[in-house]
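S.K.: no sequence for this one, just the structure:
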């Protein structure tokens, strides 16, 4: 990143970055994180070859899934720490920002390796605490402080629900380890199981900013860009990890359909609200909410391995978008909204590539059943491929031949890479219980799938703009909390 000057909105003095010393902890943080990332990657490879037993009494356990999440978190943390060294240079709270980022990474790592419920719950609260502090790290900025407080209220509430759900399970099972609780599921009365499952589900929905708990994420744009990238690439994804850890409970209580519907509604609504945003970071926030909806949908389909693959790929994608958001602003000048119009021949091309993408993904991953929830997993892939193809064919700069060539390349390479990554994640997670449990299709799921598709096409064709009432409702739905916007009188 080129050298630039930082201007504090509360001061009139401009400071040159060249004359500012970087705090010592910030100098070594990125190097430390890169070393830990390499060690974690080496451990992941070694574990896949030797399958050692890395359990530490009943407190911690390390398996392939643990190492996969460690490697992912450390990679994102190292990249963002390296980026932040120059980005926040001269920032009054540079050292505080670095320490909070390190604390966040460590707390996530402790959470995924915890077997005893005490470190499991404690690390969940610490993760939330560090993220809330990162959101309001600039305590001189009133809006940032309010955003941090507002987010922390959501996080504490979610943490409380999670704690009650886990402690209730532990008490009923008379066992305070995660493995012991899950092994005793059959001996716990159904009403206690259902209550605990609902508490844990709501905690996961809050963490991922799923509707109606989304406003904390829309209000959290006061965080420095590296912190926003860490939040969107890591923190909001934690619900996928949480639901995966408790997949046995969710399947035993038959709550997957509920999760599937909530995730689907969020995905559609967030895609709608994204189209109404003019602020780049708010667009990215709505995009993240939509992607978390897709991740929750995958959990609801019984494909927890797909949810983990999705959260990792989303992390790469969203971290890049946030770190390049400044360039996006500098390149774009205000202009009229594009008119969404697709010709019949282009629509046929999009449909063909979407369907072909679904079949290729089904073949490469073995998801060929048409009578269980696998069909929805391939439907999500078809929509993704169709969306990408649509973005190509609508470009006026390309000839028809170029559009077909680019679409074919995207179709073959994109689906192959995604299927390969999906199979790799599935292999790493083989020790986890019930990571892939396709559910039998129900009339409710089919009806919701049809509604989902109708909503998707209403969004893509811009039909919602014809309803002033709907437009205003969606616009209001996508606003941050009022206390986090222009609260300071200075």
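M.R.: That came in fine, so what should we check first? Note that the coordinates shown come from a computational prediction; the quantities given were computed from them, not determined experimentally.
S.K.: can we go C-alpha only for contacts and neighbour counts from here?
M.R.: OK.
S.K.: give me the low-pLDDT residue ranges for the chain?
M.R.: The chain contains residues with pLDDT under 70 at 1-22, 325-347, 349-350, 368-370, 384-397, 403, 460-462, 464, 486-490.
S.K.: my read: residue 176 touches residue 114, true?
M.R.: No: counting by CA atoms under 8 Å, residue 176 does not reach residue 114; the two are 11.3 Å apart.
S.K.: Those two: who's more crowded?
M.R.: Just comparing residue 176 and residue 114: by other CA atoms under 10 Å the higher neighbour count belongs to residue 114, 23 against 20.
S.K.: out of everything not next to it in sequence, what's closest to the more buried one?
M.R.: Among residues not flanking residue 114 along the chain, residue 60 sits closest, at 4.6 Å (CA to CA, 6 or more residues apart in numbering).
S.K.: ok, that neighbour - contacts?
M.R.: Taking CA atoms under 8 Å, 6 or more residues apart in numbering as the criterion, residue 60 is in contact with 113-116.
S.K.: Look up how far residue 482 lies from it.
M.R.: Residue 60 sits at a distance of 42 Å from residue 482 (criterion: CA to CA, to the nearest Å).
S.K.: quick check, nearest of the contacts of residue 60 to residue 324?
M.R.: residue 113 (32.5 Å; CA to CA).
S.K.: Backbone dihedrals for that closest one, please?
M.R.: Here is the backbone geometry of residue 113 (degrees, to the nearest 10): phi -100, psi 0.
S.K.: Test my guess that it contacts residue 66.
M.R.: Yes: contact criterion CA under 8 Å: residue 113 and residue 66 qualify, at 5.8 Å.
S.K.: Regarding the closest residue to residue 215 other than its chain neighbours, what is its secondary structure?
M.R.: Sequence neighbours aside, residue 480 is the residue nearest to residue 215 in space, at 5.5 Å (criterion: CA to CA, 6+ apart). For residue 480, the assignment made with DSSP: H, G, I helix; E, B strand; the rest coil gives coil.
S.K.: What about residue 480, how many residues nearby?
M.R.: 19.
S.K.: Going forward, count from 34.
M.R.: Sure, I'll start numbering at 34, so the last one becomes residue 513.
S.K.: How much space separates it from residue 356?
M.R.: Distance, residue 513 to residue 356, by CA to CA: 22 Å.
S.K.: Can you say which helix or strand has the nearest residue to residue 118 once chain neighbours are set aside in it?
M.R.: Distances taken as CA to CA, 6+ apart place residue 59 nearest to residue 118, at 6.7 Å, with adjacent residues excluded. Residue 59 is part of helix 57-83 when elements are defined by DSSP states H and E.
S.K.: tell me which residues in that helix are buried?
M.R.: Applying a neighbour-count criterion of 16 or more other CA atoms under 10 Å, the buried positions in helix 57-83 are 59-60, 62-63, 66-67, 69-70, 73-74, 76-78, 80.
S.K.: Please apply the same query to stretch 453-465.
M.R.: Residues of stretch 453-465 classed as buried: 454-456, 458-459, 461-462, 465 (neighbour count, 16+ other CA under 10 Å).
S.K.: Now do it: distance to the chain's middle.
M.R.: Stretch 453-465 has its C-alpha centroid displaced from the chain centroid by 19 Å (CA atoms, centre = their mean, to the nearest Å).
S.K.: what's the answer for stretch 127-141, then?
M.R.: The chain centre lies 19 Å from the centre of stretch 127-141; the measure is CA atoms, centre = their mean.
S.K.: Which positions within that stretch qualify as buried?
M.R.: Buried, per 16+ other CA under 10 Å, within stretch 127-141: 127-131, 133-141.
S.K.: Include distance to residue 247 and secondary structure when you put the residues you listed into a markdown table, please.
M.R.: Formatted as a markdown table, the buried residues of stretch 127-141 follow (distance: CA to CA, whole Å; DSSP: H, G, I helix; E, B strand; the rest coil):
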| residue | distance to residue 247 | secondary structure |
| --- | --- | --- |
| 127 | 28 | helix |
| 128 | 30 | helix |
| 129 | 27 | helix |
| 130 | 24 | helix |
| 131 | 26 | helix |
| 133 | 23 | helix |
| 134 | 23 | helix |
| 135 | 25 | helix |
| 136 | 24 | helix |
| 137 | 21 | helix |
| 138 | 23 | helix |
| 139 | 25 | helix |
| 140 | 23 | helix |
| 141 | 21 | helix |
